[in-house]
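A.B. asks: Sequence first, predicted coordinates after that:
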Amino acid sequence: MKKNINALVLAAIIGLLIVAVGLGFLFGAANPVPWILIGILIAIVYVYRWVASRDRVEWKESYTVGVDELDDDHKRLIELLNRFQTAYKYHTGEEFERQALNELVDYTKYHFEREEKMMEEAGYPDLEEHKNIHQMMIAKVRVFQEQYRQKGHEALDGVANFLSDWLLDHINGTDKKYGPYLSK
């Protein structure tokens, strides 16, 4: 609810600034007030973009595990995570939220299966431990999905942050360990 109010207040401020710019130009183009207000409007856009980009997860080369197919999967997971976070943060509607969450979950399952199969084929020694970590994550995500089905949008508060933290920790921790085995 707080995010809705923040968005409404921001929209109202922008609307008032636009009206003030129009009124300022009634006194002539030489009037400095509308030009200052235009500068403020432009600054608001840039500040808003900067604040919004802080929540996005960006792929870094330091995340690579040394296996192109799995790095591509991880990039796709980050893309889906960002889409889900956008759907939640900007209240794009229940259908888009559900679709974004389900796409993320489905692709995560696909990725886990693919990763586990590759680890098995390479004879990765910690495969069972890695599978258990995946199973615990899938179980946690199922809880999120069930809470969402029961409570809707508000049940997702903090889910995107949890998922991004988990994914980056997983890639940079346990996934980095299998890189040397799978890249042979």
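C.D. replies: Cool, the structure landed.

A.B. asks: ok, which stretches of this structure are helices?
C.D. replies: Assigned by DSSP state H, the chain shows helices spanning 2-25, 32-54, 68-89, 94-122, 127-151, 159-170, 176-182.

A.B. asks: Tabulate these in JSON lines, adding columns for mean pLDDT, mean neighbour count and distance to Lys60.
C.D. replies: For glycine as for every other residue, the C-beta is placed from the backbone atoms N, C-alpha and C. Shown next, in JSON lines, are the helices of the chain (pLDDT from 0 to 100; neighbours: other C-beta atoms under 10 Å; distance: least, C-beta to C-beta, whole Å):
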{"stretch": "helix 2-25", "mean pLDDT": "81", "mean neighbour count": "12", "distance to Lys60": "28"}
{"stretch": "helix 32-54", "mean pLDDT": "85", "mean neighbour count": "12", "distance to Lys60": "14"}
{"stretch": "helix 68-89", "mean pLDDT": "92", "mean neighbour count": "18", "distance to Lys60": "10"}
{"stretch": "helix 94-122", "mean pLDDT": "93", "mean neighbour count": "16", "distance to Lys60": "18"}
{"stretch": "helix 127-151", "mean pLDDT": "91", "mean neighbour count": "14", "distance to Lys60": "21"}
{"stretch": "helix 159-170", "mean pLDDT": "88", "mean neighbour count": "17", "distance to Lys60": "9"}
{"stretch": "helix 176-182", "mean pLDDT": "85", "mean neighbour count": "17", "distance to Lys60": "13"}
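
A.B. asks: Now tabulate those helices in TSV and tack on distance to Ser62.
C.D. replies: TSV is the format used below for the helices of the chain (distance: least, C-beta to C-beta, whole Å):
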stretch	distance to Ser62
helix 2-25	31
helix 32-54	19
helix 68-89	11
helix 94-122	19
helix 127-151	20
helix 159-170	10
helix 176-182	10
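
A.B. asks: for Arg56, phi and psi?
C.D. replies: When quoted as degrees, to the nearest 10, the phi and psi of Arg56 stand at phi -80, psi 140.

A.B. asks: How much space separates the closest residue to it other than its chain neighbours from Lys89?
C.D. replies: Spatially, and ignoring its direct neighbours in sequence, Arg56 is nearest to Asn82 (5.2 Å; C-beta to C-beta, 6 or more residues apart in numbering). Distance, Asn82 to Lys89, by C-beta to C-beta, to the nearest Å: 10 Å.
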